[in-house]
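Visitor: Below: sequence and its predicted model.
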Amino acid sequence: MKIKYKSYSFVLAVLIGGFSLFTSCADDLDIGRKIDEDEYNHIYENNAYLRDAKTNKVSNIVELYTKTYTTKVKMGLTKVPSSTTEAKVKVDAEYLKEYNLKHNTDFELYPENYVKFENGGALTINSDNKTGEVAMTIEAAENLSEGKTYVLPLVISDFSSDISIEGEAKHCIYLVKDMQNASDVYKGEDVVRGYVFFEVNSTNPLNTLCFELENGKLIWDVVVLFAANINYDAAAGRPRVQCNPNVQYLLDNNEIFIQPLRKRGVKVLLGLLGNHDFTGLAQLSKQGAKDFAREVAQYCKAYNLDGINYDDEYSKAPDLSNPALTTKSLNAGARLCYETKKAMPDKLVTVFAYGSMYGVDNVDGVDIKNWIDIAVPNYVGIVRPVGGLTKKECAGLAAEYNKKTGGSLYKAQAQNLINDGYGWHMGFD
């Protein structure tokens, strides 16, 4: 009876409270007022919008590193049309003035005759779909001002069926910049290249573009986003890739922070590092290494990265009862590199030659040259090649710039790297 008493009391309290709330709210009701239903008429309309199909953005940045840039322009509807809808995408030069006024800018129009649409810009949305696309090519116009941004405004026109399109929804903007003469990383074939770790908790990787040689070539050929981690996923019962908020932000916004580097020839790698638990890069079992390598490969594919760097630090002793783990060893570190290269043969597999990540010259009879592309040393040190690797795949100098630790890349030291046959110099932070 005691339990029932409490239950009835609770229900009674809720009913009384609810009635009180209802009566207090009822005082604010305007009974009998006529509602203006015109405000809600648009919910029945089929509204159209224009976007870039690659990015699904209204405003898009196009940097012309080559003579042509190709994308698709997408027209979308808020619901499936009752019949086939046809429309046309074209340049809207008259919209430029309105755009500049709204954004307080003074952009010039990108020359229209250098913009080509497939099928004259015509697109079709079938009655079983909500989107239609048309290919667009932007050619590098002659006599563009170097470093200047131009605007290419597009608009939907000549649509056929019963759809509604108003205001900004009918426009899509491309901000076009000629980058054909911008500096890149290509310094020749037989040169010493730069490999740098950016501590992304404090540094924007786009700073890479600030470092140039006297001839305008970029110093850093490879950039590591330092760093994501290996951690244990208790729910899945396996090691996994974990990204802190700063790393994940760069990955989620890679068109802003990563792809501009890749367009200039810079290779962008995801750094992976131990993170104070019982998983570690050099203590995965054979199956654990295969599984982790597949996940790493999916990260590189999903975020359009050029590969990874493995750094075996900050991990605790492995839990040997877990089938994904094994005793920490050089062989386990080598196995992970081997399995990673198998999972993504078109990507770079690189290592910080520290801990148990470097030193074994073959896995399953396959030489290290087939599964490690670059090896960089700890500060003050150098990497000595093993197996079929040569000094061309190794760094002969490593510096931690923030703490001023390691060798400086002054002229004589750079010449020593060349004379010794090393292919890389490394920097951190």
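Guide: Okay, I see it.
Visitor: contacting residues for the most centrally placed residue in the chain?
Guide: By C-alpha atoms, centre = their mean, the mean C-alpha position of the chain lies nearest to N254, the distance being 2.6 Å. By C-beta atoms under 8 Å, 6 or more residues apart in numbering, the residues touching N254 are 303-305. In this view, the C-beta of every residue, glycine as well, is placed from N, C-alpha and C.
Visitor: how far does stretch 110-123 stretch from start to finish?
Guide: Taking C-alpha to C-alpha, to the nearest Å, stretch 110-123 runs 23 Å from one end to the other.
Visitor: Off-centre distance for it?
Guide: 29 Å (C-alpha atoms, centre = their mean, to the nearest Å).
Visitor: can you check stretch 243-257 too?
Guide: 6 Å.
Visitor: do the same with stretch 369-377
Guide: 24 Å.
Visitor: how about that stretch as PDB, C-alpha atoms only?
Guide: Output in PDB follows, covering the C-alpha atoms of stretch 369-377 (Å, rounded to 0.1, in the frame of the first residue of the first chain):
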ATOM      1  CA  LYS A 369      61.600  -0.500 -48.900                       C
ATOM      2  CA  ASN A 370      58.200  -1.900 -49.900                       C
ATOM      3  CA  TRP A 371      56.300  -0.700 -46.800                       C
ATOM      4  CA  ILE A 372      58.100   2.400 -45.400                       C
ATOM      5  CA  ASP A 373      58.500   5.400 -47.600                       C
ATOM      6  CA  ILE A 374      60.200   7.900 -45.200                       C
ATOM      7  CA  ALA A 375      61.900   7.600 -41.800                       C
ATOM      8  CA  VAL A 376      62.800  10.700 -39.800                       C
ATOM      9  CA  PRO A 377      64.900  10.700 -36.600                       C
END
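Visitor: which residues are in contact with it?
Guide: Contacts for stretch 369-377 (C-beta under 8 Å, 6+ apart): 195, 222, 307, 337-338, 340-342, 348-354, 358, 363, 383, 385, 387-389, 393-395, 398, 424, 426.
Visitor: Recalculate using a threshold of 7 Å.
Guide: 195, 337-338, 341, 348-353, 358, 363, 383, 387-389, 393-395, 398, 424, 426 (C-beta atoms under 7 Å, 6 or more residues apart in numbering).
Visitor: Count the residues that sit near S145.
Guide: Applying other C-beta atoms under 10 Å, we find 10 residues neighbouring S145.
Visitor: Name the nearest residue to it, sequence neighbours excluded.
Guide: D178 (7.9 Å; C-beta to C-beta, 6 or more residues apart in numbering).
Visitor: Closest to A182 out of the contacts of N254?
Guide: Proximity of these to A182 (C-beta to C-beta) peaks at N304, which lies at 19.8 Å.
Visitor: Identify the residues contacting that closest one.
Guide: So N304 contacts 254, 259 (C-beta under 7 Å, 6+ apart).
Visitor: ok, it to V268 distance?
Guide: 9 Å (C-beta to C-beta, to the nearest Å).
Visitor: What values do phi and psi take at the residue nearest to the centre of the chain?
Guide: phi -70, psi -20 (degrees, to the nearest 10).
Visitor: Relative to L225, how far out is it?
Guide: Distance from N254 to L225, by C-beta to C-beta: 10 Å.
Visitor: For this protein, give me the ranges with low pLDDT.
Guide: 1-44, 161, 166-167 (pLDDT under 70).
Visitor: In it, where's the longest strand?
Guide: For the chain, the strand that runs over the most residues, judged by DSSP state E, is strand 220-233.
Visitor: Mind listing what's buried along that one?
Guide: Neighbour-count burial for strand 220-233, counted by 16 or more other C-beta atoms under 10 Å, picks out 220-232.
Visitor: try stretch 111-125
Guide: Applying 16+ other C-beta under 10 Å to stretch 111-125 flags 111, 114-115, 117-118, 121, 123, 125 as buried.
Visitor: Make JSON lines out of those and add secondary structure and distance to S157.
Guide: Converted to JSON lines, these look like this (DSSP: H, G, I helix; E, B strand; the rest coil; distance: C-beta to C-beta, whole Å):
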{"residue": "P111", "secondary structure": "coil", "distance to S157": "20"}
{"residue": "Y114", "secondary structure": "helix", "distance to S157": "20"}
{"residue": "V115", "secondary structure": "strand", "distance to S157": "15"}
{"residue": "F117", "secondary structure": "strand", "distance to S157": "12"}
{"residue": "E118", "secondary structure": "helix", "distance to S157": "16"}
{"residue": "G121", "secondary structure": "helix", "distance to S157": "9"}
{"residue": "L123", "secondary structure": "strand", "distance to S157": "11"}
{"residue": "I125", "secondary structure": "strand", "distance to S157": "15"}
